[in-house]
Each structure stands twice: as C-alpha cells, then as structure tokens.
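> following is a predicted model, sequence given first.
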Amino acid sequence: MIEQMNMAEKDIIILGIESSCDDTSAAVIKNGVLLSNVTASQAVHEAYGGVVPELASRAHQQNIVPVVDQALKKAGVTKEDLSAVAFTRGPGLMGSLLVGVSFAKGFARSLGIPMIEVNHLQGHVLAHFIKQNEDDNHQPEYPFLCLLVSGGNSQIILVKAYNDMEVLGQTIDDAAGEAIDKCSKVMGLGYPGGPIIDKLARMGNPEAFKFAKPNIPGYDYSFSGLKTSFLYSLRDWLKEDPDFIEHHKEDLAASLENTIVEILMKKLRLAAKDLKIKQVAVAGGVSANNGLRNAFHQYAKKYGWTIFIPPFGYTTDNAAMIAITGYYKFMDNDFCTIDLPAYSRVTLK
Ligand code: KG4
C-alpha cells in the first residue's frame with residue numbers, strides 16, 4: 001500500500017530523443033509539462049539543396065551527447081532522475097535514426113530504466129498535448145482531426161485517442177512540403193524552400209498566377225500535378241522574359257502557397273463536414289506556414305472550428321513531441337525491448 005502511494009506520487013520524468021532527419025533534438029518532460037527542448041540543426045545540407053543522409057548521420061553522432069547534456073541541464077534534472085527514455089523509432093532516414101535509437105537504448109540500459117519507442121508521426125500529432133506549464137489546458141479533446149503536413153507527409157488523421165489514429169486520406173505522390181521545396185528549387189531559391197516561399201509570399205499577390213489543382217476522390221491529396229504545372233508555366237514565361245523569376249518572385253511564391261493551402265483546406269473541410277468534427281489541428285513542418293495558419297483562423301471563424309496550431313518550435317522536428325508521446329506510453333506501461341530495430345518507413349495504421 002505504502003509502496004503504491006509512493007509510486008503514484010513519484011514524478012514521471014521522460015527524456016525524449018529525436019534524430020529522424022536533420023535535427024538532433026532532446027527534451028525533458030515532467031508529468032506532461034515541458035522542462036526543456038534542445039535542438040541542433042544541421043546547416044551542412046544547405047550547400048547541397050537537400051538533406052544528404054550520410055552527412056546527417058555523422059552530424060547526429062557529433063550532436064547527440066551535447067544536446068542530451070544540455071537538455072538535462074536546462075531541465076534542472078540529472079540522468080538519475082529520469083523515469084524512461086523515449087526515442088523516435090521511425091519513419092525517417094535509417095542512418096539518422098540509428099544514432100538516436102542506439103544512443104537511447106544504451107543510455108536507458110546504463111541507467112536501468114525503461115525505453116519507449118515512438119512513431120515520429122504520432123509524435124507530431126501529440127505535440128498538441130505538450131503543456132508549457134501546469135495551467136496550460138489548451139489541448140484538443142478526442143476525437144479530433146489533424147492535418148499532418150511535412151516534407152514527407154500530407155495526411156488527414158482522425159485522432160480517436162493518443163494511441164488510436166486513423167489516416168483518412170494522404171498524398172498519393174508528393175507531400176505538400178516536398179512540392180514547395182521542389183518549386184522553390186526550380187526558382188533558384190535556397191534550401192529548405194518552405195520558409196523562403198513563406199517570406200516571399202507575404203509580399204506577393206496570391207491570385208497573380210493559376211496552377212493546376214488535383215481532382216482526386218475522397219480525402220486523398222496529390223501535389224505532383226501542381227509541381228509539373230508550376231515547372232511548365234515557368235519554362236514558358238522564362239522564354240518571354242529571362243528575368244521572369246526575379247521580376248515576379250513574390251507573386252509566384254504567393255500564388256504557389258495559395259494553391260497548396262487551398263488544396264489542403266478543401267479536403268480537410270470535407271472530412272470535418274462528413275465526420276461532423278469541429279476540433280481541428282495542424283502539425284508538421286508546413287504548419288509553420290503563415291498562409292496555412294491564416295486559413296485555419298478563417299475556417300475557424302467560418303465553420304465554428306476550434307483550432308489547434310502548434311507554437312513554431314513544435315512545427316518542425318523536435319524531441320518535445322517524442323517526450324510527450326513517451327509520457328503517455330509510460331502511463332500505459334508501453335515499453336519496448338532493446339532488440340527493437342529502427343524503421344525507415346511506417347504509417348499510422
Ligand atoms: O516536419 P518537418 O520538419 O520534416 C519532415 O519532413 O519530417 O517538415 C519539413 C518541411 C519542409 O518541406 C519545409 O520546407 C517545410 O516543412 N516548411 C515550411 C515552412 N517551414 C518549414 N513550408 C512552408 N512554410 C513554412 N514556413
């Protein structure tokens with residue numbers, strides 16, 4: 001009895017580790033409240049216009065120990081205070097994942113505490129449950145819809161519980177972030193294109209140019225047609241004016257962003273209407289986009305949605321979302337064994 005009481009009163013402190021792509025991140029969450037979230041990004045890829053897997057893996061190896069050290073120090077806890085180590089198992093780049101997975105397993109084993117595997121996509125969705133302080137209660141109630149948009153995913157997810165998510169629709173080709181990055185590359189802008197397009201779009205006319213929109217059934221998305229339409233239109237315009245991009249880059253960015261946001265919101269609205277759900281969230285790297293965030297506010301007003309938009313720090317890859325998922329799994333005693341491999345591809349069921 002006394003032992004049980006002590007268990008119930010004991011703080012649950014989770015160290016989360018994320019290394020699925022090009023961000024090495026570690027975070028500490030205590031009883032669901034965030035204590036620290038430290039991320040080392042990798043500028044080395046900028047020169048190549050995309051993430052180079054081998055370089056990412058090497059940078060993770062350099063970053064992982066100092067990042068974890070900083071996260072513990074910022075949180076004001078020692079490694080002996082930890083209840084468990086949660087880590088991104090996948091999906092992601094195998095060489096990158098292996099660094100975080102191996103570190104997490106070794107660290108947990110050396111401390112004699114449980115290890116918890118986390119699906120990166122589930123982590124993005126559960127970022128909405130990270131509490132900034134004890135009184136932070138702005139969290140969605142189940143069931144809610146989540147638009148997960150990143151460089152690798154564009155999905156509409158029905159979230160029934162923290163561990164029960166159903167993908168209602170997803171891209172059949174490129175992801176939204178991938179399309180933005182590729183169009184930005186065609187325009188000769190830097191990498192990653194998302195934030196650059198976002199910035200330029202603020203100064204442009206979203207109706208200046210029209211690009212192809214997909215016409216596919218259900219809640220699925222497609223962005224490859226838009227990408228081709230952007231490329232071919234640009235090629236024609238450049239024949240007439242070799243400086244077309246320079247003369248119109250703000251309008252091009254605004255029109256591209258507007259087209260992508262319209263495509264994303266149309267299907268999301270359809271799902272919300274069909275399922276009669278009014279709590280709608282957005283997650284993933286593209287959720288940092290100002291045009292998409294504005295559209296969420298407009299839809300909230302128009303359709304009476306309660307919306308959940310993550311703070312900028314939780315839009316791109318971060319370990320806070322892995323730690324919060326680990327926290328919920330910890331409460332369910334959902335631990336994993338040391339022989340568990342990383343996986344590069346996986347869906348949310
Ligand atoms: O979730 P994330 O960090 O990584 C994965 O893909 O898992 O998402 C990265 C994507 C990239 O395509 C990047 O260009 C896009 O998110 N992104 C943005 C913005 N910030 C990042 N896209 C549009 N507007 C932004 N502000």
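Good, I have the coordinates.
> what about the longest helix anywhere in the chain, near the ligand?
Ranked by residue count and defined by DSSP state H, the top helix of the chain is helix 244-275. No - Helix 244-275 is not in contact with the ligand by CB under 6 Å from any ligand atom; minimum separation 7.3 Å. Where C-beta positions appear, they are placed from N, C-alpha and C, glycine not excepted.
> quick check: mean pLDDT of that helix?
For helix 244-275, mean pLDDT is 98.
> just how off-centre is it within its chain?
19 Å (CA atoms, centre = their mean, to the nearest Å).
> report the buried residues of it.
For helix 244-275, burial by neighbour count (16 or more other CB atoms under 10 Å) applies to 244-245, 248-261, 263-265, 267-269, 271-272.
> kindly report the same for stretch 22-36.
Neighbour-count burial for stretch 22-36, counted by 16+ other CB under 10 Å, picks out 22-30, 32-36.
> count of neighbours near the closest residue to residue 306 other than its chain neighbours?
Nearest non-adjacent residue to residue 306, counting by CB to CB, 6 or more residues apart in numbering: residue 279, 5.0 Å away. Counted by other CB atoms under 10 Å, the residues lying close to residue 279 total 17.
> next: the one 4 residues further on.
Residue 283 has 27 neighbours, counted by other CB under 10 Å.
> before we move on, what about the one 4 residues further on?
For residue 287, the count of nearby residues is 26 (other CB under 10 Å).
> and what of the one 3 residues further on?
Other residues lying near residue 290 total 14 when counted by other CB under 10 Å.
> retrieve the pLDDT associated with it.
Residue 290 is given a pLDDT of 98.
> against the ligand, how distant is it?
7 Å (CB to the nearest ligand atom, to the nearest Å).
> contacts only, for the closest residue to the ligand within the stretch 201-349 of the chain.
Per CB to the nearest ligand atom, residue 285 is where the stretch 201-349 of the chain lies closest to the ligand, at 2.0 Å. Residues in contact with residue 285 (CB atoms under 8 Å, 6 or more residues apart in numbering) are 149-151, 177, 194, 315-317.
> pretty sure the residue nearest to residue 306 contacts residue 138?
No - contact criterion CB atoms under 8 Å: residue 279 and residue 138 do not qualify, at 11.4 Å.
> spit out the residues that contact the two alike.
residue 308.
> could you check how far the residue nearest to residue 32 when sequence neighbours are not counted is from residue 29?
Excluding its sequence neighbours, the residue lying closest to residue 32 (CB to CB, 6+ apart) is residue 131, at 5.1 Å. Separation of residue 131 from residue 29 (CB to CB, to the nearest Å) stands at 8 Å.
> kindly report the same for residue 330.
For residue 330 relative to residue 29 (CB to CB), the value is 10 Å.
> common neighbours of the two, please.
residue 14.
> care to break this structure down by domain?
13-137+315-331, 144-311 (automatic domain parsing).
> out of the ones you listed, which is the most enclosed?
domain 13-137+315-331 (a mean of 21; mean count of other CB atoms under 10 Å).
> shouldn't residue 119 be in contact with residue 345?
No - under the criterion of CB under 8 Å, residue 119 is not in contact with residue 345, lying 11.4 Å apart.
> can you check which residues contact both of the two?
90-91.
> same list, the contacts of residue 285, but only the ones touching the ligand.
150-151, 177, 194, 316-317.
> out of these, list just those in helices.
177, 194.
> what's the most distant pair in the ones next to the ligand among the contacts of residue 285?
Pairwise distances across these peak at 13.0 Å for 194 and 317 (criterion: CB to CB).
> in JSON lines: the domains of the chain, plus distance to residue 340.
Formatted as JSON lines, those follow (distance: least, CB to CB, whole Å):
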{"stretch": "domain 13-137+315-331", "distance to residue 340": "6"}
{"stretch": "domain 144-311", "distance to residue 340": "17"}
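> quick check: residues of the stretch 151-300 of the chain near the ligand?
151-152, 177, 180-181, 192-195, 198, 284-286, 288-289.
> now the strand or helix carrying residue 294 and helix 244-275, what's the angle there?
Using DSSP states H and E, residue 294 sits within helix 290-303. Helix 290-303 runs at 30 degrees relative to helix 244-275, counting by axes from the mean of the first three to the mean of the last three CA atoms, to 10 degrees.
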